[in-house]
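Q: sequence and predicted model, in that order:
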Amino acid sequence: MGTQNPGGPNFPIRPPSSPFASAPPTMAPFPSSGTLVGSEASNFRPTPPSGPPTMTPFSSAGPRPPAHLNNPSVSSPPITSVPPTGGPYQRFPTPPYPSTVQTNPIHAPPERQPPFQPFANQVSAPSISLPPPSQVPPVPMGSSPQAPSGSLFSGPRPNFQLPFPGYSSQQPAVSQAPFAAQQGSFMPAPPASSPFANQQGGYVPPPPVGAPLSYQSRDQMHHPSSPPPIGGIQSLAEDFSSLSLASMPGSIESGLNYRTLPRPLDGDVEPSSFTEMYPMNCNPRYLRLTTSAIPSSKSLVSRWHLPLGAVVCPLAEAPEGEEVPVINFTSTGIIRCRRCRTYVNPYVTFTDAGRKWRCNICALLNDVPGDYFAHLDATGRRIDLDQRPELLKGSVDFLAPTDYMHRPPMPPSYFFLIDVSVSAVRSGMIEVVAQTIRSCLDELPGFPRTQIGFITFDSTIHFYNMKSSLAQPQMMVVTDLDDIFLPLPDDLLVNLSESRNVVETFLDSLPSMFQDNVNVESAFGPAVKAAFMVMRQLGGKLLIFQNTLPSLGVGRLKLRGDDLRVYGTDKEHILRLPEDPFYKQMAADLTKFQIGVNVYAFSDKYTDIASLGTLAKYTGGQIYYYPNFQSGIHGEKLRHELARDLTRETAWEAGMRIRCGKGVRFTSYHGNFMLRHTDLLALPAVDCDKAYAVQLSLEETALAALTVYFQVALLYTASCGERRIRVHTAAAPVVADLGEMYRQADTGAIVSLFSRLAIEKTLTNKLEDARNSLQLRIVKALREYRNLYAVQHRLGARMIYPDSLKFLCLYGLALCKSVPLKGGYADVQLDERCAAGFTMMTLPVKKLLKVLYPSLIRIDDYLLKSSVQSDDFENIIKRLPLVAESLDSRGLYIYDDGFRFVIWFGRMLSPDIARNLLGADFAAELSKVTLSEHDNEISMRLMRILKKLGEGDPSYYQLPYLVRQGKQPREAKCMMNTDPFPIRGVYRMS
């Protein structure tokens with residue numbers, strides 16, 4: 001992981017140190033006293049076949065088994081298997097439970113007839129099954145048998161007992177022995193057609209066998225008021241996939257066929273099993289657990305190796321056609337547990353004829369208020385259940401009474417702090433910002449209560465009196481940067497509806513006011529302090545537009561990162577931390593007075609994003625970074641993102657707390673916020689584009705509960721002036737089976753938590769240490785999963801994984817090659833790396849996964865169609881693998897990572913297409929060409945495609961970058977080799 005081989009088209013042979021290669025002959029890949037078999041046996045290598053091996057039903061390239069073999073009610077007969085040659089990707093089907101009724105027992109002995117005993121020199125793998133208790137053969141208990149003469153196994157075999165890591169409370173005593181205790185024990189004879197059958201000591205790998213079964217009833221793993229979490233007993237049997245990592249016999253090339261590698265071409269898929277198990281859970285877009293099977297003990301947690309926690313997006317946009325209901329407990333007050341303060345939710349139970357309710361978090365019995373009382377029916381359900389959304393839905397909004405307010409709800413306030421130094425004027429930033437703010441005045445939330453104010457700065461601070469009685473604003477200049485004061489006590493932050501004319505006049509005149517300014521200094525720190533003094537009475541959102549490295553007053557910064565000797569040392573991480581403690585202290589003061597900060601950074605030089613971004617990090621805000629900003633090129637992107645920031649629904653003066661069941665607690669929180677107390681996240685301003693990650697741990701050695709409940713509560717002020725509590729509730733079963741934890745894993749949530757942990761690690765360690773830590777945890781997890789089944793399957797040089805984690809390796813490597821983590825000094829500029837890190841810390845799961853594995857679609861065929869049908873667009877947006885083979889030199893492609901489009905022109909693309917799209921510039925250097933719409937059908941179709949793709953996620957505006965095949969260095973800058981396996985010519989955005 002994390003390696004590349006751009007020099008050749010093929011893999012080198014993987015060294016033994018590869019995390020997924022087969023174990024050395026003398027080492028066991030799992031802690032067990034059992035004997036290693038197959039290619040993992042000591043000093044054993046399978047003999048290469050003399051001819052094409054017979055295909056088995058389990059080979060991906062071989063013929064499919066008859067239909068009756070897939071019948072769950074029919075036992076799987078023992079079938080001799082040979083190594084597959086079709087492809088490295090192989091799925092091991094789920095073995096059904098044994099049955100006394102057998103249909104078409106191919107090569108199987110008849111019922112109650114002794115099995116055929118093969119000769120000693122005919123060695124094949126045993127077929128393990130679970131027969132009915134009456135048919136369990138006696139297993140002698142004593143010393144291990146001696147290997148038969150001529151066997152491929154040498155030396156005494158130790159005693160072996162197959163572990164059952166299932167639900168520990170109910171495990172019947174079923175004995176299984178992978179090898180019989182007598183010489184010449186039962187092993188099914190291989191078919192005569194097997195190329196190994198006539199060779200003494202020949203190797204035939206066994207057919208796949210089911211995983212250890214879990215014997216605790218699933219009916220015991222859910223709340224009484226919810227349906228069984230997992231349906232069907234057959235889901236307890238293991239079904240995993242694998243990849244062959246070994247070299248093909250007689251070849252130096254790797255046996256890995258990269259065409260069969262699993263790739264997330266469907267994007268993020270929200271876990272469905274989570275909602276199927278507990279239909280009253282909140283939607284996964286609000287709360288996603290890294291695994292929806294909670295471990296029952298600390299020992300199980302220690303073997304999990306992946307992050308155990310959740311990703312929370314409390315204000316995520318509701319699914320299409322749904323709304324979060326608003327509940328108003330006017331007479332009773334909000335119903336909460338008097339001990340743990342949990343809000344009433346679908347998983348509480350009512351008892352004592354409806355007079356009491358039991359908290360699902362702490363199990364305390366609470367009295368039901370008289371106004372909330374309702375009788376229970378014969379099944380124990382309230383008779384008014386259909387009229388109580390809080391008892392039916394996992395996500396609700398409660399209207400908070402006055403006792404949830406420290407002060408009256410504040411009006412939405414927007415304060416703009418704008419750099420007007422010479423670099424800001426020349427870039428055109430001031431004009432774009434002024435025009436965008438003016439165009440959004442009618443759409444600002446909270447009308448008619450909305451407040452607004454402005455400060456501009458260069459080497460001095462400029463305040464503006466916006467009093468409604470003035471014909472135009474009055475500018476007041478403060479030059480003393482060491483002792484900042486407010487020249488006016490009032491009218492610096494005014495009501496927008498009352499001072500609308502003054503505000504519009506100011507915005508119209510702002511670009512011309514400083515068009516001749518030649519001041520190169522920046523009093524950024526004193527300007528932030530001045531804005532804080534204006535806003536501290538009401539709080540709100542502070543939007544900072546910064547174009548120059550702060551050079552005057554408190555918080556002034558100096559150029560860092562030029563000393564190349566620092567990189568790769570223990571002092572490297574200091575460059576990614578704020579240089580001056582002023583910024584973190586200022587962020588703490590801003591949060592205390594409910595002020596959230598968004599920073600818009602524009603510069604073609606170093607501006608120390610590591611320091612400026614601290615203001616956004618600890619106030620719940622975010623960073624927008626526009627390197628080398630020019631209004632003619634990047635103006636539309638700034639307009640779109642600033643307009644969305646101003647007009648999207650925002651929760652003000654918010655605080656979030658996550659509660660969970662007994663024995664489980666949240667230990668760490670990751671994202672942009674200020675942590676108050678031990679579990680309260682202070683969020684002065686939060687919106688639908690912000691997500692937070694949390695890690696949980698077990699407080700007790702073993703959990704007694706069968707279900708763990710989680711509840712996210714966000715107390716906030718809506719823009720309309722109402723104080724509300726957004727509550728999301730979810731339940732998850734407690735399991736004693738590590739395999740079940742892996743099967744219920746959510747790759748998206750795991751990668752989201754991994755990204756935050758890795759980025760935070762870069763703040764205290766070298767980049768290489770952060771990458772290695774991430775890779776090591778993934779390797780440990782896959783090794784642990786392999787150890788669960790290495791006894792039952794002759795895995796050889798294969799990497800196995802559950803279907804839920806089939807993309808984990810890909811996303812892990814993509815994360816290592818993302819901007820915050822990849823390379824070193826020469827790969828990414830310091831400001832760009834820090835800005836990307838701040839951005840990724842806030843991204844929801846779906847957005848993050850698209851950044852790590854973008855979309856690639858081909859569009860030239862669509863553009864040339866004579867007529868376009870309504871469903872044609874759905875056909876062309878099918879994603880292609882990010883490999884060189886996906887790129888045709890005669891084609892036109894769009895590469896979409898959620899932040900920008902790269903339009904790739906093949907070298908042999910039809911000149912007519914290029915001429916229609918680019919006009920007279922079709923043959924020019926594309927780095928100097930700006931894509932615009934032309935008066936022809938091809939150009940208009942392309943612009944419609946880009947618009948349609950951008951509408952899917954409006955949080956960021958995606959500028960199109962044009963790249964022609966083979967034109968360096970632009971193509972190399974936009975695309976790089978980042979596929980999870982080192983294959984030559986694999987592309988991805990840098």
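A: Received, thanks. Residues are numbered from 1 along each chain as shown.
Q: rest of the way, CA atoms for contacts and neighbours
A: Noted.
Q: can you count the residues close to S331?
A: S331 has 10 neighbours, counted by other C-alpha atoms under 10 Å.
Q: give me the number of residues near the closest residue to it other than its chain neighbours?
A: Among residues not flanking S331 along the chain, D371 sits closest, at 7.0 Å (C-alpha to C-alpha, 6 or more residues apart in numbering). A count of nearby residues for D371, using other C-alpha under 10 Å, gives 11.
Q: before we move on, what about Y626?
A: With other C-alpha under 10 Å as criterion, Y626 counts 19.
Q: give me phi/psi at it?
A: phi -130, psi 80 (degrees, to the nearest 10).
Q: quick check: it touching T607?
A: No: Y626 is not in contact with T607 according to C-alpha atoms under 8 Å; the separation is 11.4 Å.
Q: tell me where the stretch 251-400 of the chain has strands.
A: With DSSP state E, counting those that start in this stretch as the criterion, the stretch 251-400 of the chain has strands at 287-289, 294-295, 309-312, 326-327, 349-351, 356-358, 365-367, 395-399.
Q: mind checking which of those is nearest I903?
A: strand 309-312 (33.0 Å; C-alpha to C-alpha).
Q: need the strands of the stretch 251-400 of the chain in CSV (columns: distance to S631, mean neighbour count and mean pLDDT).
A: Putting these into CSV (distance: least, C-alpha to C-alpha, whole Å; neighbours: other C-alpha atoms under 10 Å; pLDDT from 0 to 100) gives the following:
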stretch, distance to S631, mean neighbour count, mean pLDDT
strand 287-289, 39, 26, 95
strand 294-295, 51, 27, 95
strand 309-312, 36, 25, 97
strand 326-327, 43, 16, 94
strand 349-351, 60, 21, 95
strand 356-358, 60, 19, 96
strand 365-367, 61, 18, 96
strand 395-399, 42, 23, 96
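Q: of all the ones you listed, which one is nearest S512?
A: strand 309-312 (44.6 Å).
Q: partner strands of that closest one and their direction?
A: Applying DSSP bridges to the sheet, strand 309-312 is found paired with strand 287-289 (antiparallel), strand 692-698 (antiparallel).
Q: distance from the chain centre to that strand, please.
A: 10 Å (C-alpha atoms, centre = their mean, to the nearest Å).
Q: what of stretch 539-549?
A: Put simply, stretch 539-549 sits 29 Å off its chain's centre (C-alpha atoms, centre = their mean).
Q: avg pLDDT for that stretch?
A: Taken as a whole, stretch 539-549 has a mean pLDDT of 96.
Q: ok, now stretch 928-939?
A: Here the average pLDDT along stretch 928-939 is 90.
Q: likewise for stretch 949-960?
A: pLDDT averaged over stretch 949-960 gives 90.
Q: quick one: distance of that stretch to the chain centre.
A: Chain-centre distance of stretch 949-960: 19 Å, with C-alpha atoms, centre = their mean.
Q: and stretch 286-301, by the same measure?
A: Counting by C-alpha atoms, centre = their mean, stretch 286-301 is centred 16 Å from the centre of its parent chain.
Q: swap in stretch 807-827?
A: Distance of stretch 807-827 from its chain centroid, counting by C-alpha atoms, centre = their mean, is 14 Å.
Q: same check on stretch 480-488?
A: Chain-centre distance of stretch 480-488: 46 Å, with C-alpha atoms, centre = their mean.
Q: check stretch 836-845 too.
A: On C-alpha atoms, centre = their mean, the centre of stretch 836-845 falls 10 Å from that of its chain.
Q: which residues touch that stretch?
A: For stretch 836-845, contacts defined as C-alpha atoms under 8 Å, 6 or more residues apart in numbering pick out 268, 311, 313, 613, 617, 622-624, 670-672, 689-692, 748-749, 752, 755-756, 759, 819-820, 848.
Q: what mean pLDDT does it have?
A: Rounded mean pLDDT across stretch 836-845 is 96.
Q: if we can go back for a sec, please identify the most buried of the strands paired with strand 309-312.
A: Using mean count of other C-alpha atoms under 10 Å, the stretch among the strands paired with strand 309-312 with the largest mean neighbour count is strand 287-289, at a mean of 26.
Q: what sits up against it?
A: By C-alpha under 8 Å, 6+ apart, the list of residues contacting strand 287-289 reads L308, G309, A310, V311, V312, C313, P314, H728, A730, D746, A749.
Q: what do you get for stretch 563-578?
A: 560-561, 584, 610-612, 614, 762-767, 824-825, 830, 834.
Q: and stretch 675-687, by the same measure?
A: Stretch 675-687 has contacts (C-alpha under 8 Å, 6+ apart) with 315-316, 539-541, 591, 594-596, 619-621, 648-658, 666, 673-674.
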